[in-house]
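Trainee: Have a look at this fold, sequence not included:
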């Protein structure tokens with residue numbers, strides 16, 4: 001089944017969430033959560049939410065035992081709230097707060113998650129999964145209730161990014177982590193059944209717990225941002241449920257979040273059409289585990305790889321790209337696999353040399369490979385203001401005088417070339433099967449059956465590794 005068309009989906013509503021303009025933004029957003037949470041999502045939106053969930057559980061499981069995740073879990077012991085819950089891909093259970101950090105870190109660690117370009121390269125799935133999965137486990141909510149909370153967390157993250165764009169991302173903030181606590185507080189608050197006043201407090205408290213700078217790109221701290229954002233939203237919602245509050249104006253006041261972290265918050269992208277027009281439908285899922293701005297270049301490299309043949313015969317490579325590629329991914333000498341995920345030179349060179357770009361090409365060993373190091377040194381980035389973000393071109397000069405050229409717009413996984421359901425299933429299966437020791441098709445079926453599930457228990461079982469004694 002192909003992915004649905006990326007278009008606005010309109011559902012009838014009694015009144016617009018914008019409502020009384022004299023009411024603060026967070027109070028109106030809280031009212032929107034309450035209204036939309038009582039409605040059935042349009043079919044296309046429900047399907048896209050399931051695709052987003054399917055896409056994010058694979059990376060979450062695959063990196064669940066990564067060294068940095070282990071370190072974070074060890075350091076967080078003793079800072080627990082609530083009953084112990086699962087972290088996808090791990091057999092041990094953890095307190096809600098620690099589980100949110102671990103799940104968010106793992107889901108975002110390999111940069112194989114999702115990206116919404118227009119909201120500032122927003123990664124929504126890692127924060128939404130980490131925030132809502134544990135509390136859904138504790139409360140025993142239905143599959144549909146969990147899916148609505150997950151989808152609304154994703155949607156709110158995107159809308160927050162749009163409301164603060166472009167200056168927020170441009171000034172060095174990582175929007176998924178800064179906006180994450182607010183959206184996560186909303187998703188958790190919905191599952192907790194907060195009333196509008198409590199939800200307003202949850203969103204406001206989330207506004208006081210924002211963090212995350214782009215300087216962390218290429219390090220484990222970037223993935224920690226996602227986990228911490230989810231955990232902060234969880235704490236904000238549970239505190240609001242207990243009666244704690246803070247001024248709702250903390251978000252849009254002259255000295256509030258919007259003024260401090262951007263050039264001001266625009267109300268319309270945040271609130272207009274909330275519950276009617278879903279920006280989640282324009283979310284994208286990565287075909288390659290690295291910074292999304294280099295994906296057009298990777299596709300071009302993969303196209304040229306058969307013509308290149310022996311990569312040792314390459315004499316020079318010119319990479320024409322959107323200026324953001326140089327701004328975010330100009331790392332000609334990455335020192336680790338994590339850093340290489342934000343090296344345009346490395347991902348393009350590895351794709352040319354190997355004919356693919358998987359996690360194997362982003363290992364520490366591959367980064368230190370002399371042939372790859374040499375090929376990487378030949379790649380010159382040429383920012384082109386006439387290119388859009390989904391466009392790239394490579395000119396490869398061979399030592400026999402040949403000149404190979406290809407230009408592309410719309411890489412795999414983009415809005416114009418979305419991954420199909422089957423491609424997402426294969427991606428998730430490759431990442432999750434070795435860890436879970438479960439069939440990937442069964443995991444996908446469990447996810448797509450969520451709208452009719454009485455509880456999330458089957459999903460929780462599917463995300464927990466089978467004991468070795470049961471695995472054949």
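Mentor: Thanks, I have the structure now. Since the model is a prediction, treat every value here as computed from it, not as a measurement.

Trainee: from here on, contacts and neighbour counts on C-alpha atoms
Mentor: Will do.

Trainee: Could you pull out the helices in the stretch 51-200 of the chain for me?
Mentor: Assigned by DSSP state H, counting those that start in this stretch, the stretch 51-200 of the chain shows helices spanning 67-76, 96-109, 125-139, 143-164, 167-170, 175-178, 180-192, 196-207.

Trainee: so who does the nearest residue to residue 64 once chain neighbours are set aside touch?
Mentor: Residue nearest to residue 64 in three dimensions, not counting chain neighbours: residue 106, with 5.1 Å by C-alpha to C-alpha, 6 or more residues apart in numbering. By C-alpha atoms under 8 Å, 6 or more residues apart in numbering, residue 106 lies in contact with 59, 60, 61, 62, 63, 64, 65, 66, 69, 223.

Trainee: Lowest average confidence across the helices of the stretch 51-200 of the chain, which one?
Mentor: Lowest mean pLDDT of these: helix 167-170, a mean of 68.

Trainee: circling back to that earlier point, narrow the contacts of residue 106 to those that are buried.
Mentor: Among the contacts of residue 106, those classed as buried by 16 or more other C-alpha atoms under 10 Å are 59, 60, 61, 62, 63, 64, 65, 69, 223.

Trainee: Among those, find me the one that's closest to residue 40.
Mentor: residue 60 (27.3 Å; C-alpha to C-alpha).

Trainee: In space, what's closest to the closest one - neighbours in sequence excluded?
Mentor: Residue 60 sits nearest to residue 107 (C-alpha to C-alpha, 6+ apart), 3.6 Å away.

Trainee: Model confidence score at the residue lying farthest from the centre of the chain, please.
Mentor: Within the chain, the residue lying farthest from the chain centre (C-alpha atoms, centre = their mean) is residue 400, at 43.2 Å. According to the prediction, residue 400 has pLDDT 96.

Trainee: repeat for the one 4 residues further on
Mentor: Looking at residue 404, its pLDDT reads 98.

Trainee: And the helix or strand containing it, what's buried?
Mentor: Per DSSP states H and E, residue 404 falls inside strand 403-409. Using 16+ other C-alpha under 10 Å as the test for burial, strand 403-409 gives 405, 407, 409.

Trainee: what's the answer for stretch 230-242, then?
Mentor: Buried, per 16+ other C-alpha under 10 Å, within stretch 230-242: 230, 231, 232, 233, 234, 235, 236, 237, 238, 239, 240, 241.

Trainee: My guess is residue 222 contacts residue 212. True?
Mentor: Yes. Between residue 222 and residue 212 there is a contact under C-alpha atoms under 8 Å: 7.5 Å.

Trainee: hmm, back to that, and the buried ones among the contacts of residue 106 as JSON lines, adding distance to residue 325?
Mentor: Conversion of the buried ones among the contacts of residue 106 to JSON lines gives the following (distance: C-alpha to C-alpha, whole Å):
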{"residue": "59", "distance to residue 325": "23"}
{"residue": "60", "distance to residue 325": "26"}
{"residue": "61", "distance to residue 325": "29"}
{"residue": "62", "distance to residue 325": "27"}
{"residue": "63", "distance to residue 325": "26"}
{"residue": "64", "distance to residue 325": "29"}
{"residue": "65", "distance to residue 325": "30"}
{"residue": "69", "distance to residue 325": "28"}
{"residue": "223", "distance to residue 325": "20"}
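
Trainee: For residue 430, state which of these is nearest.
Mentor: residue 62 (9.0 Å).

Trainee: Would you agree that closest one is in contact with residue 427?
Mentor: No. With contacts counted by C-alpha under 8 Å, residue 62 stays clear of residue 427, the gap being 11.0 Å.

Trainee: quick one on the thing from earlier: closest one to residue 283 among the helices of the stretch 51-200 of the chain?
Mentor: Closest to residue 283 of the helices of the stretch 51-200 of the chain is helix 143-164 (C-alpha to C-alpha; 8.8 Å).

Trainee: so who does residue 123 touch?
Mentor: Residue 123 touches 113, 114, 115, 116, 176, counting by C-alpha under 8 Å, 6+ apart.

Trainee: Strands - which of those residues land there?
Mentor: Among the contacts of residue 123, the ones falling in strands (DSSP state E) are 114, 115.

Trainee: For the strand holding residue 404, report the contacting residues that lie outside it.
Mentor: Under C-alpha under 8 Å, 6+ apart, the answer for strand 403-409 is 296, 299-300, 303-304, 307-308, 390-398.

Trainee: Check this structure and tell me which residue is nearest its centre.
Mentor: Closest-to-mean residue, the chain, C-alpha atoms, centre = their mean: residue 123 / 2.7 Å.

Trainee: quick one: that one from residue 157, how far?
Mentor: 8 Å (C-alpha to C-alpha, to the nearest Å).

Trainee: Find residues that contact each of those two.
Mentor: Joint contacts of residue 123 and residue 157 (C-alpha under 8 Å, 6+ apart) are residue 176.

Trainee: ok, so what distance separates the spatially closest residue to residue 334 that is not a sequence neighbour from residue 69?
Mentor: Sequence neighbours aside, residue 340 is the residue nearest to residue 334 in space, at 5.3 Å (criterion: C-alpha to C-alpha, 6+ apart). For residue 340, the distance to residue 69 equals 19 Å [C-alpha to C-alpha].

Trainee: give the contact list for the residue farthest from the centre of the chain.
Mentor: residue 313.

Trainee: Name the SS class of it, please.
Mentor: coil (DSSP: H, G, I helix; E, B strand; the rest coil).

Trainee: returning to that earlier point: any idea which of the helices of the stretch 51-200 of the chain gets closest to residue 433?
Mentor: helix 96-109 (15.4 Å).

Trainee: Could I get the buried residue list for the closest one?
Mentor: Quick answer for helix 96-109 (16+ other C-alpha under 10 Å): 96-109.

Trainee: Need the residues you listed in TSV (columns: distance to residue 333).
Mentor: Listed next are the buried residues of helix 96-109 as TSV, based on distance: C-alpha to C-alpha, whole Å:
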residue	distance to residue 333
96	39
97	37
98	34
99	34
100	33
101	30
102	29
103	30
104	28
105	25
106	25
107	26
108	23
109	20
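
Trainee: and which of the residues you listed is nearest residue 314?
Mentor: residue 109 (32.1 Å).

Trainee: quick one on the thing from earlier: of the buried residues of strand 403-409, which is the nearest to residue 352?
Mentor: Looking across those and measuring by C-alpha to C-alpha, the closest to residue 352 is residue 405, at 12.8 Å.

Trainee: any idea how far that closest one lies from residue 300?
Mentor: Distance from residue 405 to residue 300, by C-alpha to C-alpha: 9 Å.

Trainee: what do these two both touch?
Mentor: In contact with both residue 405 and residue 300: 393, 394, using C-alpha under 8 Å, 6+ apart.

Trainee: Quick check: residue 262 touching residue 162?
Mentor: No. Counting by C-alpha under 8 Å, residue 262 does not reach residue 162; the two are 11.4 Å apart.

Trainee: So for the two, which sits in the more crowded spot?
Mentor: residue 162 (25 against 18; other C-alpha atoms under 10 Å).

Trainee: before we move on, back to that, in its sheet, what does the strand holding residue 404 sit against?
Mentor: strand 391-398 (antiparallel) (DSSP bridges).
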